[in-house]
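Trainee: Structural data only, the sequence is not supplied:
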């Protein structure tokens, strides 16, 4: 079993709960747009994610400045790709349903979050917190 992925999922659960709570509060209670709500929610979740993934998931000892830049690039790319793809998929799959409009955005947020989790894990592991890079910097 890949314990790094299990730790990533635990951290992901924490930052997803934080991020989704913020997204839904902003979207439903503060009447903010889909993009603003998801961007702010993901930004707060990203801060939690960076701190916990660096110290707990990947146990990274790499240079923090370099890690932050890579982390931000990955987060932004994964965010825009995942949340755009999620809305496209939900819009496409529900285009014939008249009743779908009421929960379509909520479904898009959930689907996009799932896509984001998968793409983010792959990119964080391969690009931001690479084990080989961390070992080289320690020597």
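Mentor: Okay, I see it. For clarity, every value in this text was computed on a predicted model and none was experimentally measured.
Trainee: Show me what the helix or strand residue 122 falls within is in contact with.
Mentor: Assigned by DSSP states H and E, residue 122 belongs to helix 101-123. If you take Cβ atoms under 8 Å, 6 or more residues apart in numbering as the criterion, helix 101-123 is touched by 5, 8, 12, 16, 19-20, 23-24, 27, 34, 38, 42, 49, 74-75, 77-79, 81-83, 85-87, 89-91, 94. All C-beta atoms are positioned from the backbone trio N, CA, C, and that covers glycine.
Trainee: Pull out the buried residues from those residues.
Mentor: 8, 12, 16, 19-20, 23, 27, 34, 38, 42, 49, 74-75, 78-79, 82-83, 85-87, 90, 94 (16 or more other Cβ atoms under 10 Å).
Trainee: Can you mark which positions in stretch 59-69 are buried?
Mentor: Applying 16+ other Cβ under 10 Å to stretch 59-69 flags 60, 62, 67 as buried.
Trainee: tell me the SS of the second one?
Mentor: This means residue 62. For residue 62, the assignment made with DSSP: H, G, I helix; E, B strand; the rest coil gives coil.
Trainee: Looks like it contacts residue 129 (just checking).
Mentor: Yes: the pair residue 62 / residue 129 is scored as a contact, 7.1 Å apart, by Cβ atoms under 8 Å.
Trainee: Quick check: neighbours shared by the two?
Mentor: Joint contacts of residue 62 and residue 129 (Cβ under 8 Å, 6+ apart) do not exist.
Trainee: Who are the packing partners of the host helix or strand of residue 37?
Mentor: Assigned by DSSP H and E, residue 37 belongs to helix 34-52. Helices and strands touching helix 34-52, by 3 or more Cβ pairs under 8 Å, 6 or more residues apart in numbering; DSSP states H and E, are helix 3-24, helix 64-93, helix 101-123.
Trainee: Give me the residues contacting stretch 5-25.
Mentor: By Cβ under 8 Å, 6+ apart, stretch 5-25 touches 37-38, 40-42, 44-46, 48-49, 52-53, 56-57, 106, 109, 113, 117, 120-121, 124-125.
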